[in-house]
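Asker: Have a look at this fold, sequence not included:
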């Protein structure tokens with residue numbers, strides 16, 4: 001299972017994947033995974049919120065096999081993606097290993 005945009009427009013998919021990788025390199029703090037949900041933690045700062053909102057907007061338009069939600073009610077910014085185990089397995093770009101940065105180093 002892949003995002004429709006990625007298979008129909010490989011160039012657009014490569015650009016979106018690169019944008020996710022750059023965003024995660026800049027801000028990824030932690031990842032929690034269960035069978036039906038991936039929760040990704042980022043610092044709660046304006047640039048991270050704006051970039052994540054744009055990335056998620058693109059994913060919501062083509063990757064309907066998962067539900068995307070941004071949660072700003074915690075001290076950190078959280079992206080929750082829910083779906084079947086097979087659907088979540090297609091989103092390997094969310095499984096990137098967090099850099100050794102700490103929350104304090106990005107504030």
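Answerer: Sure thing, it's come through. Fair warning: this is a prediction, and the values are worked out from it, not measured in the lab. Residues are numbered from 1 along each chain as shown.
Asker: OK, contacts around the residue most central in space within the chain?
Answerer: Nearest residue to the geometric centre of the chain (C-alpha atoms, centre = their mean): residue 94, 5.1 Å. In this structure, residue 94 makes contact with 20, 31, 38, 40, 79, 81, judged by C-beta atoms under 8 Å, 6 or more residues apart in numbering. The way it works is simple: take the backbone N, C-alpha and C, and place the C-beta from them, glycine included.
Asker: ok, the residues you listed vs residue 13, which is closest?
Answerer: residue 20 (10.6 Å; C-beta to C-beta).
Asker: Make sure I have this right: that closest one is in a helix.
Answerer: Yes - according to DSSP: H, G, I helix; E, B strand; the rest coil, residue 20 belongs to a helix.
Asker: That one: neighbour count?
Answerer: Residue 20: 20 surrounding residues under other C-beta atoms under 10 Å.
Asker: give the contact list for the nearest residue to it once chain neighbours are set aside.
Answerer: Of all residues beyond its chain neighbours, the one nearest residue 20 is residue 93 (4.6 Å), with distances taken as C-beta to C-beta, 6 or more residues apart in numbering. By C-beta under 8 Å, 6+ apart, the residues touching residue 93 are 17, 20-21, 24.
Asker: Go ahead and build a PyMOL selection from the buried members of those residues.
Answerer: In PyMOL syntax, the buried subset of the contacts of residue 93 is picked out as below (16 or more other C-beta atoms under 10 Å):
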select buried, resi 20+24
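Asker: Save the contacts of residue 93 as CSV, and put in pLDDT and distance to residue 69 too.
Answerer: Shown next, in CSV, are these (pLDDT from 0 to 100; distance: C-beta to C-beta, whole Å):
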residue, pLDDT, distance to residue 69
17, 87, 21
20, 92, 16
21, 92, 21
24, 94, 18
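Asker: Quick check: phi and psi on the nearest residue to residue 71 once chain neighbours are set aside?
Answerer: In this structure, residue 71 finds its nearest non-sequential neighbour in residue 78, 4.2 Å apart by C-beta to C-beta, 6+ apart. Main-chain torsions, residue 78, degrees, to the nearest 10: phi -130, psi 140.
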